[in-house]
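# quick one, fold the following:
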Amino acid sequence: MPGLGRRSGTPSTRGRQDPMRRYILTMTCPDRVGIVAAVTGLIASLGGSVLEAAQHGDLDSGRFFLRMEIIADSLPFGPGELAAAFEHVAAEFDMEWQLSDTEVRKRVVLLSSKEDHCLADLLYRWRAGELDCDIPCVISNHEDLRSLVEWYGVRFCCVPVGTEAAAKQAAFEEMAAVLEREDADVVVLARYMQILPDSFCRGREGRIINIHHSFLPSFAGARPYHQAYERGVKLIGATCHYVTAALDEGPIIEQDTRRIDHGDSVEEMRRAGRDVERIVLARGLRWHLEDRILLNGNKTVVFP
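Residues are numbered from 1 along each chain as shown. Next up, the predicted model:
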């Protein structure tokens, strides 16, 4: 299916290290001979210059994955015309594809509860220009982080989540309305300590990113550091993954670990783990913003 960016947007280079405008083409299709030749041949015939390209063929699924960056100024027209020219190649190979424009910044809405380490890290990286996106608002089920968020000039939206089913449903409907109003491209759970209902996840496949404070699939669910401590593990980790209806079982984007030993308490493990969480979440979000992640069933292909 064609996937030209949803919004025309306003060109911006806020914080961008490399202001060169690029069109990023990502695609997946059944693997067969001639895919790369067809794509590169089309780009060459249009006068396009490829800045970066990466590909992967999955022998298990029989799928082929490709990511390509095209220098915008090398083409005589814009992304709409490029997408139109690419449609016949996509149809020939039965591709699922997307074309994005680096001048159209993705809109990221952050969700958080009371712990601030992941949220503060993302906001700092955003302000420093490490995350090339717009953050129109932060949604939280508590008021604790309002002053932090507003210090960065970002709107803070508090949506309490009650314990009754009707109250929970109303809260997530309100949050969904905020996402629609803000035209959010991606939602990031920066230690948002609520389980998202199926209705909230539906239609947002590959667009909700979570950080889980363990090396999944080990120690899923609540209190993973306590679980790890009780098992006497020697490595703790964090997992950045896309959210699905199944708790902590979505496609994994990135993971990292930190070595510990028998003398570390639960609190010392949590302190070390928070450092890993920050790094892993920021890395996963950056790759998503740069269109480096392609879904492969319940796995991902990541072109870092």
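
# the closest residue to Arg155 other than its chain neighbours: neighbour count?
The shortest distance from Arg155 to any non-neighbouring residue, by CB to CB, 6 or more residues apart in numbering, is to Cys137 (4.2 Å). Just so you know, the C-beta spots here come from the backbone N, C-alpha and C atoms, and that holds for glycine as well. Per other CB atoms under 10 Å, the neighbour tally for Cys137 reads 18.

# looking at it, Cys137 is touching Cys157, isn't it?
Yes: using CB atoms under 8 Å, Cys137 is in contact with Cys157, at 5.3 Å.

# what do these two both touch?
Val178 (CB atoms under 8 Å, 6 or more residues apart in numbering).

# chain center to stretch 96-115, what's the gap?
Remark: stretch 96-115 is offset 7 Å from the chain centroid, using CA atoms, centre = their mean, to the nearest Å.

# now for this protein, the helix or strand with the poorest mean pLDDT.
Ranked by mean pLDDT, DSSP states H and E, the weakest helix or strand in the chain is helix 224-231, scoring a mean of 70.

# beyond that one, next helix or strand please.
Using DSSP states H and E, the helix or strand that follows helix 224-231 in sequence is strand 235-242.

# would you mark the buried spots in that next one?
Ile236, Gly237, Ala238, Thr239, Cys240, His241, Tyr242 (16 or more other CB atoms under 10 Å).

# give me the beta-bridge partners of the last one?
It stands for Tyr242. Ile209 (DSSP bridges).

# and the next element down the chain from the longest helix along the chain?
Ranked by residue count and defined by DSSP state H, the top helix of the chain is helix 266-289. Of the helices and strands lying after helix 266-289 in sequence (DSSP H and E), the nearest is strand 293-296.

# name every strand pairing with the next helix or strand after that next one and say which way it goes.
Note on strand 293-296: by DSSP H and E, the next helix or strand toward the C-terminus is strand 299-302. According to DSSP bridges, strand 299-302 forms sheet pairs with strand 293-296 (antiparallel).

# what sits up against the strand it pairs with?
By CB under 8 Å, 6+ apart, the list of residues contacting strand 293-296 reads 26, 28, 58, 61, 63, 65, 67, 205-206, 242, 251, 253, 284, 287, 300-303.

# send me that strand as CSV with only the CA atoms.
Extracted in CSV, the C-alpha atoms of strand 293-296 (Å, rounded to 0.1, in the frame of the first residue of the first chain):
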residue,chain,number,x,y,z
ILE,A,293,12.2,0.2,11.6
LEU,A,294,10.1,-2.1,9.5
LEU,A,295,7.6,-4.6,11.0
ASN,A,296,8.2,-8.3,10.2
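
# how far does that strand sit from its chain's centre?
Offset of strand 293-296 from its chain centre (CA atoms, centre = their mean): 11 Å.
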